[in-house]
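[1] Would you be able to build a 3D model of this:
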Amino acid sequence: MRSIFLSAMLLSTALLAQGPYMGVKGGINFSNLHGADVQSSNSRFGFNAGLIMRALADRPVGAQVELLYSTRGNRSHYQGFFGLLDQDVDFNLEYIELPALAALRFADNAVEIQAGGYAAYLIHAKVSTSGDLGNGVHELDAGNFNSIDAGLAGGVAFNVGPLQIGLRYDYGLLTIANSDAAKFLLGDAKNSCAQVYIAFGQEVE
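    Below is the predicted model:
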C-alpha cells in the first residue's frame, strides 16, 4: 500500500517540473463510509486545506496535484428507550492527502472536468460524542486502522482568473480497519467524501 503513496508523490514531482500554477486551497468535506458492512449513518462535516499545483494550466489538457490536510469519517445517531436517549457519535480520521488528477478544459479553460485518484496517510484518529450519555473526545490508537488510504477522485472546477472553485468526490478503495477490534466495528468500511473548495494561486516562472 505504501507504494501507492510513493507513486503519487513521484507523479506530483514530475508535474511540478513543467512550470506549474501554484497556490493554496481550502474547503468543506462531507464524508461518510461505504461498504457491505456499513450500517445507516450520516455525513460528517469536516474540512480540507493545503497546496494546489496545476500543470499546463493554459492548455486544454493538463493536470492538477494537491497536498492537503483532510478529514474523513462519519456521524452516527443513536436513539433508545422510547425516545428518551439521544446520542451522536462522530468518527474522525485525519489524513495527509495527495490527489493527482488529469484535467480536460473547456470554454477557454474556464471549466474543467477532473479525474484521477488520491493517496493519503493517516495521522490521527478520534471519536467525539454528544448527547444524553455525555459529551467528550476520545483518542483512538491509529494502529487499529490502515495507515494508507487510496481511491478514485473526480469532479468539476471553474477557473476565474487566479481563483478556482471546485466540486469533487473521493471514493475509497481500501478498507479502513486494521486490527480485529476495528474490523468488528467497521467491517469492510471504506472512506467516501464529497468536497467543495476554493483555491487561489498564480503561475510560477
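
[2] Break down this structure into its strands, ranges please.
    21-34, 44-55, 61-80, 85-106, 111-131, 136-139, 148-160, 163-175, 190-203 (DSSP state E).

[3] Which elements pack onto the first one?
    Just to be clear, that refers to strand 21-34. Counting contacts by 3 or more C-beta pairs under 8 Å, 6 or more residues apart in numbering; DSSP states H and E, strand 21-34 packs against strand 44-55, strand 61-80, strand 163-175, strand 190-203. Placement of C-beta: from N, CA and C, glycine included.

[4] Buried residues, that strand. List them.
    For strand 21-34, a neighbour-count test (16 or more other C-beta atoms under 10 Å) marks 21, 23, 25, 27, 29, 31, 32, 33 as buried.

[5] out of these, who's nearest residue 86?
    Using C-beta to C-beta, residue 32 is the member of the buried residues of strand 21-34 that lies nearest residue 86, at 20.4 Å.

[6] Worst mean pLDDT among the helices and strands packed on strand 21-34?
    Mean pLDDT is lowest for strand 61-80 among the helices and strands packed on strand 21-34, at a mean of 86.

[7] partner residues bridging residue 160?
    As for beta bridges, residue 160 partners with residue 163 under DSSP bridges.

[8] quick one: pLDDT of it?
    Looking at residue 160, its pLDDT stands at 90.

[9] centre of the chain versus stretch 167-182, how much separation?
    Relative to the centre of its chain, stretch 167-182 is centred 11 Å away, using C-alpha atoms, centre = their mean, to the nearest Å.

[10] cool, and stretch 178-196?
    Chain-centre distance of stretch 178-196: 14 Å, with C-alpha atoms, centre = their mean.
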